[in-house]
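Visitor: Whatever this is, show me its structure:
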Amino acid sequence: MWWWDWSRWEREIDWMALWGVNLVLAYTGQEQVFRKVFNNIGVNDTILNKTFDGPAFLTWSRGQGTFGEGGPLPNFWIESQRALQIKIMDRLRLLGMSAIVPGFQGNVPVAMHDIFPHANTSNGWLDALDPLFTTIARGVADGTDIPNSADHIPFKGTVEHTLSFRNQAGIWPVRISRSRRVVLKQDRG
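Guide: Prediction:
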């Protein structure tokens, strides 16, 4: 759906509302949030250009399967997608729908080990127990908040399935940032 414009999104949202859908996955524009968070902690755009996949490959980079495939992601596209997300969230609120927005899952640029040599990273993953995880997760949670728009439900997917303490550590920063929000977590069975 990366190629959808506002008129296509509006039609889709209206269709969902007509069919009683009241919880919508709203991932559009998340790269702008992640770019801002990473820039704030010292990761520059040169590194991020090697991290974010191009528009046609975002499903894989958002799912942490690839780094920089089909990129770099153009700045104008990042900004236009964030503006589109604001329209989407406003429309959802108007129709009484809630949105699932992205949370930080632990995927980071592969070069994070060079910038933060003491952080517990491995091939583009940051351990949920590392203090840097909390910093990034809180920044992402705050960045996905669009004032006066649809209710947000932060989503945290993770590859860590064995240690419940580690899973809880990944969710805690979101709970602090959004104390009145519900947190959804994807896990294996």
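
Visitor: All the helices of this protein, residue numbers only.
Guide: Per DSSP state H, the chain carries helices over the ranges 6-18, 30-40, 45-49, 58-62, 75-94, 112-115, 131-143, 164-177.

Visitor: quick one: the second one to helix 131-143, angle?
Guide: Yep, that's helix 30-40 we're talking about. Regarding helix 30-40 and helix 131-143, their directions subtend 130 degrees when assessed with axes from the mean of the first three to the mean of the last three CA atoms, to 10 degrees.

Visitor: Touching helix 30-40 from outside, list them.
Guide: With contacts defined as CB atoms under 8 Å, 6 or more residues apart in numbering, helix 30-40 is touched by 45, 47-48, 52, 58, 62, 73, 78-79, 81-82, 85, 101-102, 108-109, 136, 139-140, 143-144. (Each C-beta comes from the backbone N, C-alpha and C, glycine too.)

Visitor: Just the buried subset of these, please.
Guide: Applying 16 or more other CB atoms under 10 Å to these, the neighbour count classes 47-48, 52, 58, 62, 73, 78, 81-82, 85, 101-102, 108-109, 136, 139-140, 143-144 as buried.

Visitor: Start and end of stretch 108-121, how far apart?
Guide: The distance separating the two terminal residues of stretch 108-121, taken as CA to CA, to the nearest Å, comes to 8 Å.
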